[in-house]
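Student: Have a look; sequence and predicted model below, questions after that.
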Amino acid sequence: MSSSAAVAVQHRTVDVDGVRVAYRESGPADGPVLLLLHGFPTASHQFTRLMDALGDTPWRLIAPDYPGFGRTEAPDGFTYTFDRLADTLENFTDALGLDRYALYVFDFGAPVGLRLATRRPDRVTGLIVQNGNAYEEGLSDMAREFTSLRRDVPGNEEQVRGLFTLEGTRFQYEAGVADTSLISPDNWTLDAHYLGLPGRADAQADLAFDYASNLTHYPEWQAWLRNSAVPVLVVWGAGDPFFTPAGAKAYLRDAPDAAVHVFDGAGHFALETHLNVIAPLIAAFLTTLP
């Protein structure tokens, strides 16, 4: 699915409790809202092609950059934890007056968005999950090793910071992908630019060591899925080195009516190689939401 004309994507900022949150927005101002929550190590620019592909829908698409990512500016002393990212995103939705929205969660977007969902369950109309884990069985051996790292253990800090190099960022895009020529080098180059900004590596290291906190929330998020009965669409790259296809299928345990699609040949950033099949699934799913 693709719009017949270029989608007018607006680049805006809003002050949220001392954080200047940068975000992208397209679609009608009075349309139903799809909140697009990005992953690591990228930012809202990862949704540029998807926002264009969904240009024919009546949805208002909003993609913010978290503190420590993209063009968002956080004050000195900001505490980089997943709870604080969720605080900022919750206040961001309040600042924009978003009282109803569907969520698209990817990678880091899952722990941020699912925190948001459990805090404001009355606001969420639907959930789209793209390689965003909420189940123990979805963690690969690599992910389990990563979540076991502790800052006070010699060598662990260096291991974490190895992910912030250009090579580490490129690996996240290309690992498990059948045809890497489909992935633009601009992706990891732009991510590397933002990772190289002053203070960004420190912020990302703080978040990396806080990632294990997300696992303690899995039962809470799973209970929300069961109790809310919100419509769920899961799209997943099978070659993801961090989050395995078992994590995609696990959503059926708490959302038995979920539509789950696992794509061979796709990796962590499944939109990069499979946008042509994922975008129509998303567009069709959105038509079913209240």
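Tutor: Cool, the structure landed.

Student: For whichever helix in the chain runs longest, name the packing helices and strands.
Tutor: Looking across the chain with DSSP state H, the single longest helix is helix 270-286. Helix 270-286 is packed against helix 48-53, strand 124-130, strand 232-237, strand 259-263, with contacts defined by 3 or more Cβ pairs under 8 Å, 6 or more residues apart in numbering; DSSP states H and E. For glycine as for every other residue, the C-beta is placed from the backbone atoms N, C-alpha and C.

Student: Adjacent strands (with direction) for the second one?
Tutor: Partners of strand 124-130 in the sheet, by DSSP bridges, are strand 101-106 (parallel), strand 232-237 (parallel).

Student: one step back: tabulate the helices and strands packed on helix 270-286 in a markdown table, adding columns for mean neighbour count, mean pLDDT and distance to Arg84.
Tutor: Formatted as a markdown table, these follow (neighbours: other Cβ atoms under 10 Å; pLDDT from 0 to 100; distance: least, Cβ to Cβ, whole Å):
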| stretch | mean neighbour count | mean pLDDT | distance to Arg84 |
| --- | --- | --- | --- |
| helix 48-53 | 19 | 96 | 26 |
| strand 124-130 | 24 | 98 | 21 |
| strand 232-237 | 25 | 98 | 27 |
| strand 259-263 | 17 | 98 | 31 |
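
Student: before we move on, the earlier item: TSV for the strands paired with strand 124-130, including distance to Thr118?
Tutor: Conversion of the strands paired with strand 124-130 to TSV gives the following (distance: least, Cβ to Cβ, whole Å):
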stretch	distance to Thr118
strand 101-106	12
strand 232-237	15
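
Student: Any idea which of those gets closest to Ala63?
Tutor: strand 101-106 (8.6 Å; Cβ to Cβ).

Student: sorry, back to before: dump the C-alpha coordinates for the longest helix of the chain into PDB.
Tutor: Written as PDB, here are the backbone C-alpha positions of helix 270-286 (Å, rounded to 0.1, in the frame of the first residue of the first chain):
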ATOM      1  CA  ALA A 270      11.500  -6.000   9.700                       C
ATOM      2  CA  LEU A 271      10.000  -2.900   8.100                       C
ATOM      3  CA  GLU A 272      13.300  -2.300   6.200                       C
ATOM      4  CA  THR A 273      12.900  -5.500   4.100                       C
ATOM      5  CA  HIS A 274       9.100  -6.300   4.400                       C
ATOM      6  CA  LEU A 275       7.400  -3.000   4.300                       C
ATOM      7  CA  ASN A 276       5.400  -4.000   1.200                       C
ATOM      8  CA  VAL A 277       3.700  -6.800   3.100                       C
ATOM      9  CA  ILE A 278       3.600  -5.300   6.600                       C
ATOM     10  CA  ALA A 279       2.100  -1.900   5.700                       C
ATOM     11  CA  PRO A 280      -1.100  -3.500   4.100                       C
ATOM     12  CA  LEU A 281      -1.500  -5.700   7.200                       C
ATOM     13  CA  ILE A 282      -1.300  -2.600   9.400                       C
ATOM     14  CA  ALA A 283      -3.700  -0.600   7.200                       C
ATOM     15  CA  ALA A 284      -6.200  -3.400   7.300                       C
ATOM     16  CA  PHE A 285      -5.900  -3.800  11.000                       C
ATOM     17  CA  LEU A 286      -6.500  -0.100  11.600                       C
END
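
Student: re earlier: same list, the helices and strands packed on helix 270-286, but as CSV with distance to Pro198 please.
Tutor: Listed next are the helices and strands packed on helix 270-286 as CSV, based on distance: least, Cβ to Cβ, whole Å:
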stretch, distance to Pro198
helix 48-53, 25
strand 124-130, 31
strand 232-237, 32
strand 259-263, 38
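
Student: for the ones you listed, which one sits closest to Tyr251?
Tutor: strand 232-237 (5.2 Å).

Student: Work out the gap between that closest one and the centre of the chain.
Tutor: 12 Å (Cα atoms, centre = their mean, to the nearest Å).

Student: Identify all contacting residues around the next helix or strand after it.
Tutor: Next helix or strand after strand 232-237 toward the C-terminus (DSSP states H and E): helix 245-249. With Cβ atoms under 8 Å, 6 or more residues apart in numbering as the test, helix 245-249 has contacts from 129, 131, 133-135, 137-139, 234, 236, 238, 260, 262.
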